[in-house]
Every structure is written in C-alpha cells, then in structure tokens.
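Only the shape, not the letters, is given here:
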C-alpha cells in the first residue's frame, strides 16, 4: 500500500514537471525560432552607403524600424527586404550593397522585438507589419506596385509569401525558403506536436495563390533549411501554372549564397527585369 502511494506521488510529480515544461515551452517557443539582437533606442546606425532611418507607429504605441538606402544611379524602384531570424538592422543593413549596385533602392525592415523595436512578436503581427511597410512605400513614398520587389531571406520568406497574397509586387525573390515552420520544426524539434506551434508561417499552402513572378534561390548544401523544401515550393508553384524559377546554388549553404558568382549573376539578371 505504501509503495502504491509513493508511486502515485512520484507519478504526480513527474506529470507536474512535464506539464510545467510544456507550458513554459509553449509560451517561450518564439525563443526557439527567433534570435533578435536588441539595440538601445538611441542607437545610431552606420553604413558606407547613404541611408535614412524610418520608423512606423503601431496602434499600441510601439514602433517598428527600417533602413532606406537609395541607389546613386537612376532608381528602377524599391526592394522591400525581410531578413533572417537572427541579428538586427545593425548587421543586416550590409545586404543593401548587392541591391543598390543593380540600380534599386532598398528598404530593409526589422521585425517586432528586433533592434530598437519593443513590440510583442506574433505571427499575425509580422504579417500586419509587412503590410504596413508595403503601404508606406506605396502611399507615403508614392512608389507604384510595379516598381516594388519583395525579397525574403530565410524566415523572411514566409512573410513575403503571405504579403504577396494581398499585394501585386513586380516580382518576389525567396532566398533559402522553407515550406512551413511545422515542416522545419520536425527537423529541429521533432518532439513538438504540430498543433503546439503558434508560428505556422505556412508558405506551401499559399505559394500557388501568388500572381506575381517568383524567383527562388537555394544552396545545395543548406544545413538549416533543406534544399528539398525550396525545391518543393517551386514544384507547387509550377504545378499550379505560376511564373516561377528555381535557381540552385551549387555548394551554397544557408548563409553564404551572396559570395557565389552564380547567385550574383542571377540576381543581376533578375533585377534587370
């Protein structure tokens, strides 16, 4: 009898610990996906290219931030760029070089909770902020949609795909895209049930509904997002009759495509459209 009581107490303690772990994990799952660099609100950015800092006010009083770089040549339009899951504008501003050199202006945005932003990070918030930035270019800057290009890198590809359903950009570029956060979590966190995830970022269910041309870059040796996931998105788009092109970068991994001549050549060709 005493043994049964002890067993019951032990089982209850284990169940309590497991329940506590699951609850903590659920409310902190964003920390498994996003790795922001936090900057002081008075931080001053510094880059060799001329730029201006842009801030947008949210309804809750918080702000989101972006950096707007202008090309020195006659501008073809503006690339709206959504970066990867780590860092902040402090480091991501350097991607402007490849875009500017091809005759395009570029607006690089930080996500909620990144850099100077203190806003709460949610999937819905990411989508709404993307629409805010697009509206800023279209309405505040007066840039027509046929001169706006959407560029998503890694985690940013899911945001670009969603934004493309609600807008009509000239075209979109996806670099190292994943099919969905559920698919990606099965690789890194196989113990998490798919229903557990509050961040779905499901591109594979949306990409067939995009009307704008789609260009997909993916390194064959990507160690973070499997090459097969980028190829799968392309296959879905093509199967549904969409204008899409898949550009494999032989030997490329997740964070080094820009050093490959093939990437730079193809990016130049795409931005010459």
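That came through, no problem. On a predicted model such as this, the values are computed, not experimentally measured, just so you know.

so what's the nearest residue to residue 130 once chain neighbours are set aside up against?
Spatial nearest neighbour of residue 130, chain neighbours left out: residue 163 (4.4 Å); criterion: Cβ to Cβ, 6 or more residues apart in numbering. For glycine as for every other residue, the C-beta is placed from the backbone atoms N, C-alpha and C. By Cβ atoms under 8 Å, 6 or more residues apart in numbering, the contact set of residue 163 is 127, 130-131, 134, 150.

can we see that at 7 Å?
130-131, 134, 150 (Cβ atoms under 7 Å, 6 or more residues apart in numbering).

out of those, who has the most neighbours?
residue 150 (28 neighbours; other Cβ atoms under 10 Å).

part of a strand, is that one?
Yes. Under DSSP: H, G, I helix; E, B strand; the rest coil, residue 150 sits within a strand.

before we move on, which element is the nearest residue to it once chain neighbours are set aside in?
Among residues not flanking residue 150 along the chain, residue 172 sits closest, at 4.1 Å (Cβ to Cβ, 6+ apart). According to DSSP states H and E, residue 172 maps onto strand 171-175.

ranges for the strands of the stretch 51-200 of the chain?
51-57, 63-69, 78-82, 86-87, 105-109, 148-153, 171-175 (DSSP state E, counting those that start in this stretch).

For the last one, the averaged confidence score.
Spelled out, that is strand 171-175. Computed over strand 171-175, the mean pLDDT rounds to 98.

residues in contact with the residue nearest the centre of the chain?
Residue closest to the mean C-alpha point of the chain, counted by Cα atoms, centre = their mean, is residue 156 at 1.0 Å. For residue 156, the contact set (Cβ under 7 Å, 6+ apart) comprises 82-84.

Residue 270: which of the residues you listed is nearest?
residue 82 (16.9 Å; Cβ to Cβ).

re earlier: please produce TSV containing the contacts of residue 163, extended by distance to residue 224 and pLDDT.
Converted to TSV, the contacts of residue 163 look like this (distance: Cβ to Cβ, whole Å; pLDDT from 0 to 100):
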residue	distance to residue 224	pLDDT
130	22	98
131	27	98
134	27	98
150	21	98
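
okay, these in JSON lines with distance to residue 208 next?
Shown next, in JSON lines, are the contacts of residue 163 (distance: Cβ to Cβ, whole Å):
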{"residue": "130", "distance to residue 208": "20"}
{"residue": "131", "distance to residue 208": "21"}
{"residue": "134", "distance to residue 208": "21"}
{"residue": "150", "distance to residue 208": "17"}
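
of all those, which two lie farthest apart?
The most widely separated members of these, counting by Cβ to Cβ, are 131 and 150 (11.7 Å).

burial measure for the residue lying closest to residue 87 once chain neighbours are set aside, as a count.
Nearest non-adjacent residue to residue 87, counting by Cβ to Cβ, 6+ apart: residue 37, 5.0 Å away. Other residues near residue 37 come to 14 when the count uses other Cβ under 10 Å.

for the one 5 residues further on, same thing?
Using other Cβ under 10 Å, residue 42 has 6 neighbouring residues.

how close does it get to residue 189?
Look at residue 42 and residue 189: by Cβ to Cβ, to the nearest Å, they are 37 Å apart.

ok, now residue 134?
Distance from residue 134 to residue 189, by Cβ to Cβ: 31 Å.

what's the pLDDT at the nearest residue to residue 117 once chain neighbours are set aside?
Of all residues not flanking residue 117 in the chain, residue 64 sits nearest, at 5.0 Å (Cβ to Cβ, 6+ apart). On pLDDT, residue 64 comes in at 97.
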